[in-house]
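>>> give the three-dimensional model of this entry:
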Amino acid sequence: MITSTVISKEYSLEDWMLNPPDNTEWVDGELVKKNGVTLKHSRIQGNVYFYWRSYKNSSGQGGEVYTEVPCRTNKQGRYPDVAYLTAELLNQFGEPAVLPQSFPLIAEIVSPTDIAEDVIAKSQEYLQSGGEEVWLVFPDNRWIIVVTKNQRLVFVSGEVVSTQTVLQGFSVAVDELLA
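Here you go, the predicted structure:
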């Protein structure tokens with residue numbers, strides 16, 4: 001997750017769903033550009049993608065892992081940093097331009113300029129729109145907060161983070177993921 005800048009108020013959610021411009025989200029009736037991607041953000045995003053994808057392949061659970069892929073929540077158009085789509089949902093939806101719901105497993109890489117209330121609200125939005133598990137990754141603090149509908153768990157440096165509801169059985173050391 002990164003900061004954003006309003007670029008248009010003349011853009012509907014339906015327009016965004018048909019052809020979402022790169023690095024934009026449709027939030028509260030406005031088209032906003034995501035700003036602030038740093039080398040660290042990109043590296044950690046790549047690490048999450050790599051570890052989730054490697055585990056998906058080795059465990060035989062199927063599905064797909066994506067980066068910066070559009071989805072629609074109940075009220076917004078979003079681009080999660082990393083997202084996993086289960087084999088069942090992949091069979092149901094295929095690979096549309098925009099997934100019409102939240103991905104079951106999402107990771108948002110939180111930047112130092114992100115506002116805590118916005119980050120938490122975004123995780124709740126994903127969960128209320130078909131998501132089952134959201135990872136809020138705090139690189140500078142070396143924390144990963146795993147949020148599901150029923151629990152919130154904090155994993156810190158020196159611990160092992162694991163999935164709770166989706167991509168069952170996956171775990172990795174926090175320090176390794178944030179390396």
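>>> which secondary structure element contains residue 103?
Assigned by DSSP states H and E, residue 103 belongs to neither a helix nor a strand.
>>> surely it touches residue 82?
No - assessed by Cβ atoms under 8 Å, residue 103 is found out of contact with residue 82, at 9.0 Å. Every C-beta, even on glycine, is put in place using the N, C-alpha and C of the backbone.
>>> joint contacts of the two?
Residues touching both residue 103 and residue 82 (Cβ atoms under 8 Å, 6 or more residues apart in numbering): residue 66.
>>> wait, residue 45 sits on residue 67?
Yes - with contact defined as Cβ under 8 Å, residue 45 reaches residue 67; the gap is 5.9 Å.
>>> so where do the helices sit in this structure?
With DSSP state H as the criterion, the chain has helices at 13-18, 39-59, 87-93, 116-127, 174-177.
>>> ok, which of those helices comes nearest residue 159?
With distances scored as Cβ to Cβ, the stretch of the helices of the chain nearest to residue 159 is helix 174-177 (5.5 Å).
>>> what's the average pLDDT for the closest one?
Here helix 174-177 scores 98 as its mean pLDDT.
>>> show me where the chain dips below the pLDDT cut-off.
Across the chain, the ranges flagged by pLDDT under 70 are 1-9, 35-36.
>>> can we see that at 80?
1-11, 23, 34-37 (pLDDT under 80).
>>> can you list residues touching both of residue 45 and residue 67?
Common neighbours of residue 45 and residue 67 (Cβ under 8 Å, 6+ apart) are 81-82.
>>> looking at these two, which is more packed in?
Taking other Cβ atoms under 10 Å, residue 45 and residue 67 do not tie; residue 45 has more neighbours (19 against 16).
>>> tell me how far the more buried one lies from residue 139.
10 Å (Cβ to Cβ, to the nearest Å).
>>> mutual contacts of the two, please.
Applying Cβ under 8 Å, 6+ apart, one finds that residue 45 and residue 139 are jointly contacted by residue 109.
>>> who's in contact with residue 76?
13, 25-28, 125.
>>> again, only this time at 10 Å
Residue 76 sits next to 13, 16, 25-29, 32, 122, 125-126, 129 when contact means Cβ atoms under 10 Å, 6 or more residues apart in numbering.
>>> what do you get for residue 109?
1-2, 37-38, 40-45, 47-48, 80-82, 135-139, 178.
>>> which strand residues bridge it?
With DSSP bridges as the criterion, residue 109 is bridged to residue 137.
>>> ok, now how distant is it from residue 71?
Applying Cβ to Cβ, the value for residue 109 to residue 71 is 16 Å.
>>> could you do residue 25 as well?
Distance, residue 25 to residue 71, by Cβ to Cβ: 10 Å.
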